[in-house]
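A.B. asks: model the following, please.
(chains A and B)
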Amino acid sequence: MLQVTRVFVATVLALVIAACGDGDTEDAAETTAAPTTTAAPATTAAPETTAAPETTAAPAGGLGAVIMELPTTISNAEQAAEATWVVWDEDSCSFVETDDHPDFYQAVLREAGDSGYRFAWTPEDNVFDTLIVANESFRVAAAASGADVTEFDNQYPSEEQPLVVADLVVQHDPDVVLSMNVLANLNPAIMSQYKEACIPAVAHSVPHEGQPFFGGGEWYAVGRAQAEYLIAVAEGRGWTTGDVDVLLCSHSAFVQDRTSPYASIIGFREVVKESFDVGDDNIHELECPSDIVTDQANVADWLTAHPDTQNIMGFGINDLRTLGMVNALRESGRAETSIAGGVGLSQESVGPLCANDPTFLTSVDFVPQLWGEYGIAIAQDIAEGNPIPSEIYPQATVVDAETIDQATC
Amino acid sequence: MIGKKPHSGGPSRRIRANVGGSRRSLGLALAIVAISIVMTMVSPYFFAAGNFLNVARAVAITGIVAAVSTPMLISGNVDLSVAATMGLSGMTAGALLVQELPVPVAILGALVVGLLMGFVNAVIVVKFQVNSLIATIGTAFIARGVAFLVNSGRSIFIPAESYVNLGQGSALGIPKPVFYTVVVFVLIGFVMRYTKVGAHIYAVGSSPEAARRAGISVPKITWGVFLASGFFSALAGVVLTSQAGSAFPYGGQGRELEIIAAVIVGGTALTGGRGSITGTILGVVLLGIIANSLNLVGLPVPYQDISRGLLLVAAVATDQLSGRTLGGRGVFRGLRAGTEES
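C.D. replies: Take a look at the predicted model:
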């Protein structure tokens, strides 16, 4: 057995060494344990979809040429007129409202040039599908622009790590921090630390009063957009209000307000009531804890208890939940009389969309692959003293079997 | 191996355990009947073949792991890495399928990963004398971490239709996962009831020292239950991913407590030495029917959690009142008095 022990210990050591080896391949410029700095190898290309207009002149202030321009939800004159704009005020160490702003806002990523700006990005974690993509986009954008961006992992669902990260960021003293802490109860403590250190902080994903908000996704708008898409399909199939039941797959863990992903459920519900005249009695919100099979079981039970349902319009708070719902609809023989949409354009929706699934029809691309480009561009504006809208969202896109990028299939 | 008289006092212990288990099983069966009667009156959709198939499908995966967790607990050990093993093996199968390897190879890969988990757990428990509760909490974290590394934290949409067909759809009108669960229950039930190994598991769980004196190899039994636990947890991971059509690194997360609750409600003692597969089947079905019933009447999920909790407490309290207390054996062995086994 000694031999077995030796093999086990050797295996563990090999894994540790392998893990260390992987870490060495990162292009980190700093060796601090927690953060990962992603400054700049010039060889990394920007994403194809965001190619830079080469002719754009370099703006003043130390930054270099424009690399890419990114449309935002608050980008047209109408929205911009309604929006509150803010600018960083060094004297009060806070963002203050301003009327002196352009007609619309477009996040513009620029070369770092000789600006010397340092930014910090504190993602929720490094394991969730969307965050893996988003964190990589920060690395790509930092490489493309030459920006000095340091990443500090909040290690969701840790309740301690976000506070530790705030300490580390203050020590790091960046020019701007993009703070993605989704535990809203911790934000007052975190943001007060940044204010005390006079570091401009952008709240990401969860809004915080007094800070500009860069939403990963505008959940409410996403829910509305998915409802509009599915209603159009339902009408195309000749469904009428009286023969449709709406199934919403959510989870009680989400705070039920406009600041959380639950806002997509609120938005969806509003649109099906307003535009398709579905009554509350025909809108059913189910508990889906995001384990696909449990979601499926809960939906299957509901279907059993509602055998007279004719047509079903389903919406899941993310693609995982929608897939569980769709599996239940399929198993109950209702695939042909049901339509469903999800959120996130994760693997759970890419597969069905690529396969032209008759039930799982649509998802929403939050473009996490461009969050880095957006985030650094916004940080550059703040550091430059430029006004920005108090709420900024990337342009999310509804994706279906026809519009999905076939390269992802 | 089959039907022979064991070397130890296992059979008498098994007979005593079965008598106690029969009483518990009868109680559980009555509880299931009572709930069914009430639900039939409350919901017109409860007492229907389609609904019972819903329940069967919903508990199939929990059932597979609960089946193998029964001899684990009877032997005086516990494996809290079962859910993480499900996640890791499912991701393994998904990753192999994405590489366009044949379905049998993907399944084999997943099962080998499960066996490996069982092997590591057994090494830690048997050779390093670490309490199984602690050891498997540790390996659960490791397995979950590795599951995330398999595809950099991302889930995997299963591209192979033949793999997905293993878990989705029905055969002879019965959801396919139910067949796997029945086979596993029959297999483990047979081993526990009719083989020397089963008698030895009861004997080891009842008193490792007495079992050792009777010539039973306690380490061999411990190796066996951990390898079986890893293997069948991996099988559950395969069924999970084929049923879901997707492998995700946190697959099965949280199910370990649900599984242990079902086994304990079924009458298996956390202290080891007592329990039955029949009881576990009834425990799994009872919890499944409660969840199904509350879904049918539209009660929110928190009530399901409350029901499970009350049921679990009631089951253990019943044991206490009947004089079968937690006597510092089983998984509490190493925690209370240091490791006893050599």
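
A.B. asks: please enumerate the helices of the stretch 1-150 of chain A.
C.D. replies: A:2-24, A:77-82, A:129-145 (DSSP state H, counting those that start in this stretch).

A.B. asks: the last one near chain B anywhere?
C.D. replies: Yes: for a cut-off given as Cβ under 8 Å from any Cβ of the partner chain, helix A:129-145 has contacts with chain B, namely A:Asp129, A:Leu131, A:Ile132. Any C-beta I mention is one placed from the backbone N, CA and C, and that applies to glycine too.

A.B. asks: which one among the residues you listed gets closest to B:Phe157?
C.D. replies: A:Asp129 (11.5 Å; Cβ to Cβ).

A.B. asks: ok but A:Cys249 is inside a strand, no?
C.D. replies: Yes: with DSSP: H, G, I helix; E, B strand; the rest coil as the criterion, A:Cys249 is part of a strand.

A.B. asks: measure it to chain B for me?
C.D. replies: According to Cβ to the nearest Cβ, to the nearest Å, A:Cys249 and chain B sit 12 Å apart.

A.B. asks: and that residue, what pLDDT?
C.D. replies: On pLDDT, A:Cys249 comes in at 94.

A.B. asks: residue contacts, it?
C.D. replies: Applying Cβ atoms under 8 Å, 6 or more residues apart in numbering or on different chains to A:Cys249 gives the contacts A:Leu286, A:Cys288, A:Asp295, A:Val299, A:Gly314, A:Phe315, A:Gly316, A:Ile317, A:Arg321, A:Thr322, A:Gly324, A:Met325.

A.B. asks: which parts of chain A sit against chain B?
C.D. replies: A:1, A:4-5, A:8, A:126-129, A:131-132, A:252, A:287, A:289, A:291-294, A:296-298, A:300-302, A:304-305, A:307, A:320, A:323-324, A:327, A:330-331, A:346-348, A:350-351.

A.B. asks: the strands in the stretch 101-250 of chain B, which residues?
C.D. replies: Assigned by DSSP state E, counting those that start in this stretch, the stretch 101-250 of chain B shows strands spanning B:156-157, B:170-171, B:174-175, B:246-247.

A.B. asks: out of the contacts of A:Cys249, flag the one nearest to chain B.
C.D. replies: Distance to chain B across those (Cβ to the nearest Cβ) is lowest for A:Gly324, with 7.3 Å.

A.B. asks: that's a strand at the closest one, yeah?
C.D. replies: No: with three-state DSSP as the criterion, A:Gly324 is assigned helix and is not in a strand.

A.B. asks: surely it meets B:Gly245?
C.D. replies: No: contact criterion Cβ atoms under 8 Å: A:Gly324 and B:Gly245 do not qualify, at 9.6 Å.

A.B. asks: which residues do the two both contact?
C.D. replies: By Cβ under 8 Å, 6+ apart, the residues touching both A:Gly324 and B:Gly245 are A:Ile292.

A.B. asks: pick out whichever of these two has more residues nearby.
C.D. replies: Neighbour totals were compared for A:Gly324 and B:Gly245, and A:Gly324 leads with 31 against 24 (other Cβ atoms under 10 Å in any protein chain shown).

A.B. asks: list the contacts of the more buried one.
C.D. replies: By Cβ under 8 Å, 6+ apart, A:Gly324 lies in contact with A:Cys249, A:Cys288, A:Asp291, A:Ile292, A:Val293, A:Thr294, A:Asp295, A:Gln296, A:Val299, A:Gly316, B:Ala244.

A.B. asks: partners of the first one in the sheet?
C.D. replies: Yep, that's A:Cys249 we're talking about. A:Cys249 has these beta-bridge partners by DSSP bridges: A:Leu286, A:Gly316.

A.B. asks: where do the helices sit along chain B?
C.D. replies: B:10-42, B:49-74, B:82-98, B:103-122, B:132-150, B:161-167, B:176-194, B:196-206, B:208-213, B:218-244, B:255-265, B:277-296, B:301-321, B:333-337 (DSSP state H).

A.B. asks: before we move on, the earlier item: please tell me which one of the residues of helix A:129-145 next to chain B counts the most neighbours.
C.D. replies: A:Asp129 (23 neighbours).

A.B. asks: quick revisit: what about the contacts of A:Gly324, which are in helices?
C.D. replies: Going by DSSP H, the helices hold A:Ile292, A:Val293, A:Thr294, A:Asp295, A:Gln296, A:Val299, B:Ala244 from those.

A.B. asks: what ranges of chain A fall below the confidence cut-off?
C.D. replies: A:1-61, A:71, A:73-81, A:216-217, A:257-259 (pLDDT under 70).

A.B. asks: for whichever residue of the stretch 101-250 of chain B sits closest to chain A, give me the pLDDT.
C.D. replies: Closest residue of the stretch 101-250 of chain B to chain A, Cβ to the nearest Cβ: B:Phe157 (3.4 Å). pLDDT recorded at B:Phe157 is 88.

A.B. asks: in contact with A:Ser137: list those residues for me.
C.D. replies: Contacts of A:Ser137 by Cβ under 8 Å, 6+ apart are A:Pro47, A:Pro368, A:Gln369, A:Leu370, A:Trp371, A:Gly372, A:Glu373.

A.B. asks: in CSV: those residues, plus neighbour count.
C.D. replies: Shown next, in CSV, are the contacts of A:Ser137 (neighbours: other Cβ atoms under 10 Å in any protein chain shown):
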residue, neighbour count
A:Pro47, 16
A:Pro368, 24
A:Gln369, 18
A:Leu370, 26
A:Trp371, 29
A:Gly372, 30
A:Glu373, 28
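
A.B. asks: hmm, back to that, by neighbour count, which of the contacts of A:Cys249 wins?
C.D. replies: Counting neighbours by other Cβ under 10 Å, A:Gly316 leads the contacts of A:Cys249 with 35 neighbours.

A.B. asks: shouldn't it be in contact with A:Leu329?
C.D. replies: No: A:Gly316 is not in contact with A:Leu329 according to Cβ under 8 Å; the separation is 11.6 Å.

A.B. asks: common neighbours of these two, please.
C.D. replies: Common neighbours of A:Gly316 and A:Leu329 (Cβ under 8 Å, 6+ apart) are A:Ala340.
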